[in-house]
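sequence and predicted structure are below.
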Amino acid sequence: MKERSEQDRQTDDDARARRKRVAEGIARIGMLLAACFWLWVFGAAVRTGYLSWIGLTVGAIFVTSVTVSPVLGWAGRKRLETVSLGLHIGMIALYAVVVAVTLLWPRGNGTWHPYRFDDELAAIEAKRAVPDAENAARRYESVFGEMDIGDEPDFIFSGASLREELGKHPWKGSDRPQAAEWLDSQSKIIERLLEIGRMEKCRWPMQADIYDEDPVPYKKLRRSALLLMAAGNRDLGEGQVPAALTKYFCTLRIADHLHQQPSTIAPSFSYEREGLSMIRYVLVQSNLSDQDIAQIAGHLLPAVDPWPKEWERLLEFENLHYMNLLGRLYEVNGNGAVRFAAHPVISSKEGQGNRERGFSPLYWLMSMPRDPRGVHGIVDRYFARFDHGVSSERLPQSGRHEPPVRTSPNNFAKATCNWYRWWAETGFFSEREYLPPSRWLISAVTLRRGTWLVLGLRQYRDAHGTWPQTLDAISEYVPAEAFLDPTTGEAFVYIPDDNSFRLYSKGPNRIAEGGRHRYVKALDKVEDDIPIWPPPVPEPELSDDEMHKQMEQVYGPNYRRLMQ
């Protein structure tokens with residue numbers, strides 16, 4: 001009986017041992033499957049480049065321990081398996097403790113506010129600085145203090161639009177007496193703008209953060225350009241060509257002043273486009289003296305590609321903006337103490353004072369340097385990734401922009417590692433955000449070079465009595481760079497036409513369409529040539545649906561976001 005009982009105990013022990021081994025095997029398989037998942041997550045996190053050295057260390061220990069533990073168990077190294085498993089469980093417990101301590105830690109004394117890279121801003125401003133006496137921005141301030149942009153009378157809108165009719169075509173005061181009288185009331189402002197137009201340097205303070213107010217007075221600069229163009233066109237319509245040219249040159253100077261600001265690519269080219277359009281009109285249609293021709297040549301902007309300098313200035317500006325946006329993950333008090341913020345504060349005025357702490361500081365520690373000055377390296381490496389892409393010399397053939405893919409595994413990993421940084425990069429600093437400015441610049445340079453060609457054609461006609469048969473004939477009058485159309489990478493299209501000529505770029509699709517830039521309703525397509533001369537004939541106003549189709553064909557289905 002005793003022997004039977006001993007045998008039963010042995011059998012039970014063997015059964016329990018087998019069940020234990022099966023349970024351990026199942027647990028190891030489960031842990032190995034979990035390890036495969038965490039290896040994938042950690043690998044994706046490493047590829048993003050988001051993790052700090054602390055995040056990499058913690059992640060490596062966590063993944064290694066969960067991976068090695070079941071392997072050691074199957075190899076019979078149970079003591080090492082126990083140590084490895086204990087390390088894994090200990091890390092989870094330690095994380096929970098740190099989170100609890102972080103949540104319960106006293107808020108501390110003093111006023112905390114978002115960290116800003118003010119020293120970097122000061123260094124940039126010191127490099128940009130010019131004496132006040134030479135700074136056109138100071139002169140603009142005095143003029144704009146007297147300018148009321150809401151004083152346009154009703155007839156400006158109901159009759160002749162200051163921008164469309166008076167601002168883009170020659171006109172006479174006798175034909176538009178009300179408009180002429182109102183424009184005369186602005187003569188003092190126009191005269192002061194002409195004085196400012198003689199100044200070369202212009203520096204408004206730099207906008208340090210994307211949520212700061214932009215110090216550049218765009219609305220009043222827009223009004224200034226419209227006044228100059230309307231006044232110049234009246235001078236031209238009344239035969240006062242030198243006076244008209246002076247105002248067109250001043251419009252170009254406003255564009256140049258904007259070019260000197262770090263992030264004003266689109267507005268500056270808008271003003272330049274309008275001034276060049278009327279200068280081309282004068283070159284072809286007006287009687288000009290040699291002095292007039294020389295003045296035009298002296299005021300045209302260079303035909304060389306300006307993008308390298310524009311991008312360098314824009315990159316410096318965007319670097320500072322990105323650093324200050326990431327700086328919101330930190331906060332600093334009056335004593336200079338810095339800590340991770342519990343919650344990023346968007347507005348500089350929001351959240352002043354003592355703010356509740358959360359577990360976010362621990363989260364930021366996994367992906368951000370403890371010292372905010374380490375943000376420099378993050379930003380430099382980020383922009384270096386797509387510097388080549390935005391520095392391309394001409395447009396892609398299609399000119400379309402496909403919407404970014406936001407649901408990829410890489411984006412998921414980035415959002416997991418540091419959702420704030422991922423949000424900043426996709427929302428404000430993605431490569432796609434810089435493609436439209438580079439395309440606007442290319443289109444503007446196309447018009448610049450086209451204007452140089454028109455100048456050369458006029459000089460040839462004055463010397464020989466007729467327009468030349470080919471553009472090669474004007475090489476002695478025009479910079480070599482002007483002959484290359486940056487939009488297509490090819491030559492401009494030039495066609496002599498009786499006592500005139502046609503000159504245009506084939507546009508992004510590189511198909512010659514007679515210099516037409518319009519939406520063809522019958523064919524449901526866009527003709528995207530860039531006309532240099534003659535000016536495009538105004539097309540009938542498009543419906544909202546037709547305008548949508550035109551914009552979509554040119555800029556792609558994501559055009560609404562790109563135009564913001």
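Received the coordinates, thanks.

walk me through the domains of the protein.
Taking automatic domain parsing as the domain assignment, the ranges for the chain are 2-104, 112-120+313-429, 135-301, 430-564.

make sure E331 is indeed in a strand.
Yes: secondary structure assignment places E331 in a strand (DSSP: H, G, I helix; E, B strand; the rest coil).

what residues are up against it?
With contact set as Cβ atoms under 8 Å, 6 or more residues apart in numbering, E331 has these partners: W112, H113, P114, Y115, V338, R339, F340, A341, V345, R355. All C-beta spots, glycine's among them, are computed from the backbone N, C-alpha and C.

what about P372, neighbour count?
Other residues lying near P372 total 20 when counted by other Cβ atoms under 10 Å.

now it. Nearest residue, chain neighbours left out?
Closest residue in space to P372, ignoring its immediate chain neighbours: Y330 at 4.6 Å, by Cβ to Cβ, 6 or more residues apart in numbering.

quick one: low-confidence parts of the stretch 51-200 of the chain?
Screening the stretch 51-200 of the chain residue by residue with the criterion pLDDT under 70, one finds the ranges 73, 81, 88, 91, 94-95, 97-110, 152-164.

ranges for the strands of it?
In chain order, the stretch 51-200 of the chain shows strands spanning 112-114, with DSSP state E, counting those that start in this stretch as the criterion.

try the stretch 201-350 of the chain
Taking DSSP E, counting those that start in this stretch as the test, the strands found in the stretch 201-350 of the chain are 330-333, 338-340.

could I get the contacts of E331 as CSV with distance to I296?
Supplementary listing: these in CSV, determined by distance: Cβ to Cβ, whole Å:
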residue, distance to I296
W112, 58
H113, 53
P114, 50
Y115, 51
V338, 56
R339, 60
F340, 59
A341, 56
V345, 52
R355, 60
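
take these and lay them out in JSON lines including neighbour count and distance to E476.
Compiled in JSON lines, those are given as follows (neighbours: other Cβ atoms under 10 Å; distance: Cβ to Cβ, whole Å):
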{"residue": "W112", "neighbour count": "24", "distance to E476": "67"}
{"residue": "H113", "neighbour count": "19", "distance to E476": "62"}
{"residue": "P114", "neighbour count": "22", "distance to E476": "59"}
{"residue": "Y115", "neighbour count": "22", "distance to E476": "58"}
{"residue": "V338", "neighbour count": "16", "distance to E476": "63"}
{"residue": "R339", "neighbour count": "16", "distance to E476": "67"}
{"residue": "F340", "neighbour count": "21", "distance to E476": "65"}
{"residue": "A341", "neighbour count": "25", "distance to E476": "64"}
{"residue": "V345", "neighbour count": "19", "distance to E476": "62"}
{"residue": "R355", "neighbour count": "17", "distance to E476": "69"}
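
nearest to D209, of the residues you listed?
The nearest member of these to D209, counting by Cβ to Cβ, is P114 at 9.0 Å.

pretty sure the closest one is in contact with L326, am I right?
No: with contact taken as Cβ atoms under 8 Å, P114 and L326 are classed as non-touching, separated by 10.4 Å.

low-scoring stretches of the stretch 351-500 of the chain, by residue?
For the stretch 351-500 of the chain, residues meeting the criterion pLDDT under 70 lie at 351-360, 388-407.

make it 50
Per-residue confidence for the stretch 351-500 of the chain (pLDDT under 50) gives these ranges: 351-357, 393-402.

so which of the domains of the chain gets nearest W307?
Counting by Cβ to Cβ, W307 lies closest to domain 430-564 out of those; the figure is 5.5 Å.

tally of neighbours for the closest residue to K201 other than its chain neighbours?
Among residues not flanking K201 along the chain, V130 sits closest, at 4.6 Å (Cβ to Cβ, 6+ apart). A total of 16 residues lie near V130 under the criterion other Cβ under 10 Å.

got it, and H517?
Other residues near H517 number 17, with proximity taken as other Cβ under 10 Å.

same deal with Y382?
Using other Cβ under 10 Å, Y382 has 18 other residues around it.

then L315?
Counted with other Cβ under 10 Å, the neighbours of L315 add up to 17.

which ones are touching it?
F383, D387.

let's have the domains of the chain in CSV, adding distance to W307.
As requested, these are exported to CSV (distance: least, Cβ to Cβ, whole Å):
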stretch, distance to W307
domain 2-104, 27
domain 112-120+313-429, 7
domain 135-301, 10
domain 430-564, 5
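
name the nearest residue to L193, sequence neighbours excluded.
Once its chain neighbours are removed from consideration, L193 has its nearest residue in S224; the separation is 5.4 Å (Cβ to Cβ, 6+ apart).

now do the same contact list for that neighbour.
The contact partners of S224, by Cβ under 8 Å, 6+ apart, come to V143, M147, I189, L193, I254.

tally of neighbours for the third one?
This points to I189. Taking other Cβ under 10 Å as the neighbour definition, I189 ends up with a count of 17.

the last one too?
Burial measure for I254: 25 neighbouring residues, criterion other Cβ under 10 Å.

ranges for the helices of the stretch 451-564 of the chain?
Taking DSSP state H, counting those that start in this stretch as the criterion, the stretch 451-564 of the chain carries its helices at 544-555, 559-563.

ok, the residue nearest to L193 to G197 distance?
For S224, the distance to G197 equals 10 Å [Cβ to Cβ, to the nearest Å].

quick one on the thing from earlier: my guess is the residue nearest to P372 contacts Y115. True?
Yes: with the criterion set as Cβ under 8 Å, Y330 and Y115 qualify as a contacting pair; they are 3.9 Å apart.

which residues do the two both contact?
Jointly contacting Y330 and Y115 under the rule Cβ under 8 Å, 6+ apart are V338, P372.

ok so, going back, between S224 and G197, which contacts overlap?
I254.

quickly, which of the helices of the stretch 451-564 of the chain bottoms out on average pLDDT?
Of all those, helix 559-563 carries the lowest average pLDDT, namely a mean of 46.

any idea how far the residue lying closest to I532 once chain neighbours are set aside lies from V493?
Taking Cβ to Cβ, 6+ apart, and ignoring the residues beside it in sequence, I532 has G450 as its nearest neighbour in space, at 3.5 Å. Applying Cβ to Cβ, one obtains 11 Å for the distance of G450 from V493.

likewise for E165?
According to Cβ to Cβ, E165 and V493 sit 29 Å apart.

which ones are touching E195?
Contacts of E195 (Cβ under 8 Å, 6+ apart): R139.

what do you get if the cut-off is 6 Å, keeping everything else the same?
Residues near E195 by Cβ atoms under 6 Å, 6 or more residues apart in numbering: none.

and R439, how many neighbours?
The burial count for R439: 20, using other Cβ under 10 Å.

element containing it?
Using DSSP states H and E, the secondary-structure element containing R439 is helix 435-464.

quick check: bridge partners of W533?
Under DSSP bridges, the beta-bridge partners of W533 are L503.
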